[in-house]
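Q: Sequence and computational prediction follow.
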Protein chains: 4
Amino acid sequence: MTVRVAVAGASGYAGGELLRLLLAHPGVEIGALTAHANAGRLLGDIQPHLAPLAGRELAETTPAALAGHDVVFLALPHGQSAAVAAALGDDVLVVDCGADHRLADAAEWERFYGTPHAGTWPYGLPELPGHRDALLGVRRVAVPGCYPTAVSLGLFPAFAGGLAEPEAVVVAASGTSGAGKALKPHLLGSEVMGSMSPYGVGGGHRHTPEMSQNLSAVAGERVTVSFTPTLAPMPRGILATSTARARPGTTADAVRAAYEKAYQGEPFVRLLPPGQWPATGAVTGANTALLQVAYDERAQRIVAVSAIDNLTKGTAGGAVQSMNIALGLPEELGLSLTGVAP
Amino acid sequence: MTVRVAVAGASGYAGGELLRLLLAHPGVEIGALTAHANAGRLLGDIQPHLAPLAGRELAETTPAALAGHDVVFLALPHGQSAAVAAALGDDVLVVDCGADHRLADAAEWERFYGTPHAGTWPYGLPELPGHRDALLGVRRVAVPGCYPTAVSLGLFPAFAGGLAEPEAVVVAASGTSGAGKALKPHLLGSEVMGSMSPYGVGGGHRHTPEMSQNLSAVAGERVTVSFTPTLAPMPRGILATSTARARPGTTADAVRAAYEKAYQGEPFVRLLPPGQWPATGAVTGANTALLQVAYDERAQRIVAVSAIDNLTKGTAGGAVQSMNIALGLPEELGLSLTGVAP
Amino acid sequence: MTVRVAVAGASGYAGGELLRLLLAHPGVEIGALTAHANAGRLLGDIQPHLAPLAGRELAETTPAALAGHDVVFLALPHGQSAAVAAALGDDVLVVDCGADHRLADAAEWERFYGTPHAGTWPYGLPELPGHRDALLGVRRVAVPGCYPTAVSLGLFPAFAGGLAEPEAVVVAASGTSGAGKALKPHLLGSEVMGSMSPYGVGGGHRHTPEMSQNLSAVAGERVTVSFTPTLAPMPRGILATSTARARPGTTADAVRAAYEKAYQGEPFVRLLPPGQWPATGAVTGANTALLQVAYDERAQRIVAVSAIDNLTKGTAGGAVQSMNIALGLPEELGLSLTGVAP
Amino acid sequence: MTVRVAVAGASGYAGGELLRLLLAHPGVEIGALTAHANAGRLLGDIQPHLAPLAGRELAETTPAALAGHDVVFLALPHGQSAAVAAALGDDVLVVDCGADHRLADAAEWERFYGTPHAGTWPYGLPELPGHRDALLGVRRVAVPGCYPTAVSLGLFPAFAGGLAEPEAVVVAASGTSGAGKALKPHLLGSEVMGSMSPYGVGGGHRHTPEMSQNLSAVAGERVTVSFTPTLAPMPRGILATSTARARPGTTADAVRAAYEKAYQGEPFVRLLPPGQWPATGAVTGANTALLQVAYDERAQRIVAVSAIDNLTKGTAGGAVQSMNIALGLPEELGLSLTGVAP
């Protein structure tokens, strides 16, 4: 059986990564590629790394162009997915790489995004407790944000194990592709090379409530998150340092045990051997998260560090992984466990 | 049929890239991994991007360790391949990523390498005229150097078409992985980031006679090469600007036609549409060469620019491609046509 | 009056930056340059950016070589300063860029460095309350560590204002020059470009007790610090995200006011206008710290982000600034307020 | 005497570098700062590295705003300088960082720029034979292009010495700041990091006729130039590899002697000792060119490699150097001989 897929938003970074992965996926056939400002152009002009699709022309993103596929991936600006999905019908698997359907709390959505809430879809982070089963057979998937993927994987075992106080402090560095292809001065190569800078400081980043939602669900109580994202001089990768105060009586052994239990048998999360720390360079292009955790006895804090590729496990790889589960395919199909390094 | 392969030199960059590609190759089973200084260590400590092999222990590079495989890839310092190959026997396919058996001219070898010539093996650049057929069924392959791959692909059509005077001038930029993992001060991140520098200027680089050999064979006369390599602040990639004076009467159309003819049907070389220029970022991790050529009428020079990944098409990918041909497998098996970009 | 200065450790990154600054300082004459492994070599071979000193030969680091100067800067491995200083006499100003004399608590020193405590020298961070006056006329200065400089500047106003609970959580990214010129595999350009990684996670980094010491002194109670350093793909710069839980009743206005008060009139610290965030690229080569602070009401945390050049304000610039104060020279003499950007 | 200077185009990279240098120049007072799209904004929002000018508001670029200064630096898009200069009067020193008045040949100008020729001004590359004297007392200066600076310095001694055939082949790599702050997709950090690419291949780059003009004047015959520029993943720096076929009888010694003679006593050009090669990282922020030359006997080519900072010696530093000469100030005033490295 071959699944016919379409990609809406094929000219962006997320769309390009989806296509890179789908080209390597043995169970899919790539159908429509759509875009908005770039409609009418050849993909080869915009995504020269996707040589096998160089001659494909980008169609305008419309329901008609996306009709007739088994799976439609959406890599669109937020606010557009609900309407597209409605037009596609309930039997089509719609995998949304955008934010529209990630948050369950409408008030939180409106507070951070400023638009009406469009409803909640099954959340595509299979590693979270209960989430893999919940994705079986679904026809709508909300792909997690890149930062929430890294941070939730980094910290949920601490909360699942009842080891952490419900106040997380997170600082993460992201490669520039996380900001997309928008032509903004601070994203020019001259500005980003040799420089690091923060943004969205003080609680304003839109991924903050998503992290809080994921960790709270595991903890069984509301977990606040102080989140500071930074822009790093690299094209890809997220390195998230996620910390929480340990509850009294926590030990380093208990922390290690909680993480080993959480990731036992997970195909895409590798808890590193003690003493080895993750580097984003080791997961470039891979759907893998590398993870390590330490317990700082003096500061009484659990410190987890996770490395993912923001475009792969953080977006397009997570999307394909969820598609595989939803369709009943082997979860690892078409997804690489190896990074392109150095 | 599954081919059992061993990799000697598995702790280096070329060895790591071989393993990355072989893990994705549906027709091989990875056997022995050997090293020298790193023998006894786990691969996961040294090549953390190769998660599926993290638990493998590196053996010492010995004939015994390498015995019992159908294919042995050598990624060793030059001067060591001949002895290893002799111990393996004639029925084993030995694919040498080192320089030992690339040059046909013993005097040239000795001039540039300073050691006795070890003989010549079939040369693994199938895109050169006659080379693909010559690789069928062989049991020894000399994988081309990374620079000669980029430059030969860039310039041979001009010589094959009789369009160029036999004096090439080449300047190429390489990512730092081309220099390997040697701990030298000028390879530190602090030194290479934000900086470009030349090396081996004035004719001294060991890849110079290899380029001359390849281009001379096509031209039917001796082609001299002025070659200047430079070190660029990126981990991977070669961008080669290869130029030659045009013979009288050459036209831009004739140049374009010669290149289109040379690469018609080649799976791994993409002559870009007029007006588009190659970027190394588009071939990261791919076995592809992107190529463009221009004719500068005022300076009367043919200017070809080629982009490859030095570790993939420039080393390990070329090695796997040659293995596929030698074993009668589909040439593209296990090799990616897409780069990891951005 | 011209001050005659010597630099011990002139072949390293800290030594090189000292010389770059001293060459631009109108009040000094550069005397002896010493080294250990590189003794006997020309500075031009090792520090090609210091053209005016290219012909200078490096002497062996001995008391004799360093004798006869008004000021001696030490950029040596830790454990060596005390003996050198003792040999120089009490009338020579010794400015130690190493760690030996930074910590007041001998037990903390021994815990983190594993060697006997060599005593405490006046601490060269004039922006800390009371420190500028304490440096007037001294003949020994302990230059702060690069991370403690960034973090102390980032967070002390919150503690000085009584706004923060005594548990700081800090994550900082450093350029690779912070790791020096040691030939270690993970510092190779191929490894660091395109990658971020943590180190010393869980409380083990030696700069942790120094941060705690500085903040505790201001807070008037013991401040614990959870510190996670990360290595960023850039040669220079530190971006420190320093956070602390706000005491009840804290407001955004109170936070802003505390920082404005702390840095009123400081020549080298620039509290940015609201809405602008620091980037390390803006302080390359400058002795400036750029700083911004936010109050995250939901998480009830004060989040300060500071950007410095680890080699300038974080090491050599701080050293020259302290020298200026100690000698009674204008504090800004020879120090740049502008970064080399982009 | 203090010279009052204005900078038109203060929000761009060239304008920012001019201001960085002028802030360090003891003989100038910075007057009007003008811009076009950014008029009305504070400089601190746009050029955060220029802290001492952060509060300055950018005026609109008009004759009125620029009136009343002794020196006006123009960093404007080409085609605008002539009108501005005419309005300023003949007694004001106008230093044009743009291309308008560099070329003497009107036909060449029109061929490459497509607009009417605006006339030729004294050319600000004092190191070229006769040029320093020609700059004394002038009131108009055409600052050379960044590539022509690097290439002319690299190759003129070979032509001055009669050692080279009149056909130069040049390949140069530039940092991204050479492309300015234009918001173009290929200049995004995500695109340029980890990637090299050529542009303007085949003779089309506008700096080509300028190189030809400079080298021809020295050679006494028309020198053609095959020029291929490439974009390198670094913010600053040009590394130019400039080659020419040697005339019969040329020797390595003769080449070396020609270069030593050409740069004897030049303050800003450093011919490196034999065996050492230039790196752009060593000249970041410096007004220095580092240079080395080799003679490739087999290919019979002279190969010169030069490294400059495109914004300093390649633009703003060259502009200040010319101002110093024109005004009779010491040529080195306010210009750094040291790079910010690593």
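A: It's in. Numbering: from 1, shown residues only, chains lettered A, B, ... in the order given.

Q: all contacts plus neighbour counts: C-alpha atoms, from now on.
A: Will do.

Q: pretty sure A:Ala168 belongs to a strand, no?
A: Yes - A:Ala168 forms part of a strand when assessed by DSSP: H, G, I helix; E, B strand; the rest coil.

Q: Just give me the neighbour total for it.
A: 22 (other C-alpha atoms under 10 Å in any protein chain shown).

Q: Look up the residues forming beta bridges with it.
A: Under DSSP bridges, the beta-bridge partners of A:Ala168 are A:Val225, A:Ala244.

Q: quick one: stretch A:36-55 near chain D?
A: No - shown here: stretch A:36-55 not in contact with chain D (C-alpha under 8 Å from any C-alpha of the partner chain), separated by at least 9.5 Å.

Q: Could I get the buried residue list for that stretch?
A: A:36, A:38-39, A:41-51, A:53-54 (16 or more other C-alpha atoms under 10 Å in any protein chain shown).

Q: do stretch A:103-110 as well
A: Buried residues in stretch A:103-110 (16+ other C-alpha under 10 Å): A:Leu103, A:Ala104, A:Glu108, A:Trp109.

Q: Could you do stretch A:22-33 as well?
A: If you call a residue buried by 16+ other C-alpha under 10 Å, then stretch A:22-33 has these buried ones: A:Leu22, A:Leu23, A:Ala24, A:His25, A:Val28, A:Glu29, A:Ile30, A:Gly31, A:Ala32, A:Leu33.

Q: so the first one, which of the three states?
A: In the three-state summary, A:Leu22 is assigned as helix, counting by three-state DSSP.

Q: wait, doesn't it sit right on A:Gly334?
A: Yes - the pair A:Leu22 / A:Gly334 is scored as a contact, 7.1 Å apart, by C-alpha atoms under 8 Å.

Q: Among the buried residues of stretch A:36-55, which pair sits farthest apart?
A: Pairwise distances across the buried residues of stretch A:36-55 peak at 21.3 Å for A:His36 and A:Ala51 (criterion: C-alpha to C-alpha).

Q: A:Glu210 sits in which helix or strand?
A: In this assignment (DSSP states H and E), A:Glu210 forms part of helix A:208-219.

Q: quick one: that helix near chain C?
A: No - using C-alpha under 8 Å from any C-alpha, we find that helix A:208-219 stays clear of chain C, coming within 10.4 Å at best.

Q: what helices or strands is that helix leaning on?
A: Where contact means 3 or more C-alpha pairs under 8 Å, 6 or more residues apart in numbering or on different chains; DSSP states H and E, helix A:208-219 is packed against helix A:146-160, strand A:224-231.

Q: Turn these into a markdown table, columns for mean pLDDT and distance to A:Gly124.
A: Listed next are the helices and strands packed on helix A:208-219 as a markdown table, based on pLDDT from 0 to 100; distance: least, C-alpha to C-alpha, whole Å:
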| stretch | mean pLDDT | distance to A:Gly124 |
| --- | --- | --- |
| helix A:146-160 | 98 | 10 |
| strand A:224-231 | 98 | 21 |
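
Q: I'd like the ones you listed laid out as JSON lines, including mean neighbour count.
A: Shown next, in JSON lines, are the helices and strands packed on helix A:208-219 (neighbours: other C-alpha atoms under 10 Å in any protein chain shown):
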{"stretch": "helix A:146-160", "mean neighbour count": "26"}
{"stretch": "strand A:224-231", "mean neighbour count": "26"}
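
Q: Can you add distance to C:Pro185 and give the ones you listed back as TSV?
A: Below are the helices and strands packed on helix A:208-219 laid out as TSV (distance: least, C-alpha to C-alpha, whole Å):
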stretch	distance to C:Pro185
helix A:146-160	26
strand A:224-231	25
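
Q: For A:Leu291, which of the ones you listed is the nearest?
A: Closest among the helices and strands packed on helix A:208-219, using C-alpha to C-alpha: helix A:146-160, at 6.8 Å.

Q: for chain D, what are the nearby residues on the stretch 151-300 of chain A?
A: Counting by C-alpha under 8 Å from any C-alpha, the stretch 151-300 of chain A sits next to chain D at A:175-177, A:181, A:183-185, A:187-194, A:233-236.

Q: re earlier: now, the buried residues of stretch A:36-55 that are in helices?
A: A:Leu43, A:Gly44, A:Asp45, A:Ile46 (DSSP state H).

Q: all strands for the stretch 1-150 of chain A, in order.
A: A:3-8, A:28-35, A:59-60, A:71-74, A:93-96, A:140-142 (DSSP state E, counting those that start in this stretch).

Q: so which of the ones you listed gets nearest C:Thr250?
A: strand A:140-142 (37.4 Å).

Q: tell me what that closest one is packed against?
A: Secondary-structure packing of strand A:140-142 (3+ C-alpha pairs under 8 Å, 6+ apart): strand A:93-96.

Q: And the helices in the stretch 151-300 of chain A?
A: Counting by DSSP state H, counting those that start in this stretch, the segments of the stretch 151-300 of chain A that form helices are A:189-192, A:208-219, A:252-263.

Q: hang on, A:Pro330 packs against A:Asn324?
A: Yes - assessed by C-alpha under 8 Å, A:Pro330 is found in contact with A:Asn324 at 6.2 Å.

Q: follow-up on the earlier one: mind putting the strands of the stretch 1-150 of chain A into TSV with mean pLDDT?
A: Formatted as TSV, these follow (pLDDT from 0 to 100):
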stretch	mean pLDDT
strand A:3-8	98
strand A:28-35	98
strand A:59-60	98
strand A:71-74	98
strand A:93-96	98
strand A:140-142	98
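
Q: show me what contacts A:Thr120?
A: Residues in contact with A:Thr120 (C-alpha atoms under 8 Å, 6 or more residues apart in numbering or on different chains) are A:Asp100, A:His101, A:Arg102, A:Leu103, A:Ala104, A:Ala142.

Q: farthest pair in the residues you listed?
A: A:Ala104 and A:Ala142 (11.1 Å).

Q: could you measure the one residue in the stretch 151-300 of chain A that gets nearest to chain D against B:Pro342, distance?
A: Closest to chain D within the stretch 151-300 of chain A is A:Gly189: 3.4 Å, counting by C-alpha to the nearest C-alpha. Distance of A:Gly189 to B:Pro342, computed by C-alpha to C-alpha, to the nearest Å: 12 Å.

Q: Give me the common contacts of the two.
A: Jointly contacting A:Gly189 and B:Pro342 under the rule C-alpha under 8 Å, 6+ apart are D:Ser190, D:Glu191.

Q: Neighbour count: the two, which is higher?
A: With neighbours defined as other C-alpha under 10 Å, A:Gly189 and B:Pro342 compare such that A:Gly189 has more, 29 against 24.

Q: Please list all residues in contact with the more buried one.
A: Counting by C-alpha under 8 Å, 6+ apart, A:Gly189 makes contact with D:Thr176, D:Leu187, D:Leu188, D:Gly189, D:Ser190, D:Glu191, D:Val192, D:Met193, D:Pro233, D:Met234, D:Pro235.

Q: most neighbours, which of the residues you listed?
A: Among the contacts of A:Gly189, the one with the most neighbours (other C-alpha under 10 Å) is D:Met234, at 34 neighbours.

Q: so what's it up against?
A: Neighbour list for D:Met234: A:Gly189, A:Ser190, A:Met193, B:Met193, B:Gly194, B:Ser195, B:Pro233, D:Ser174, D:Gly175, D:Thr176, D:Met193 [criterion: C-alpha under 8 Å, 6+ apart].

Q: Chain neighbours aside, what residue packs nearest to the residue of the stretch 1-150 of chain A found nearest chain B?
A: Using C-alpha to the nearest C-alpha, the closest approach of the stretch 1-150 of chain A to chain B is made by A:His49 at 4.2 Å. For A:His49, ignoring the flanking residues on the chain, the nearest one in space by C-alpha to C-alpha, 6 or more residues apart in numbering or on different chains is B:Ala282 at 4.2 Å.
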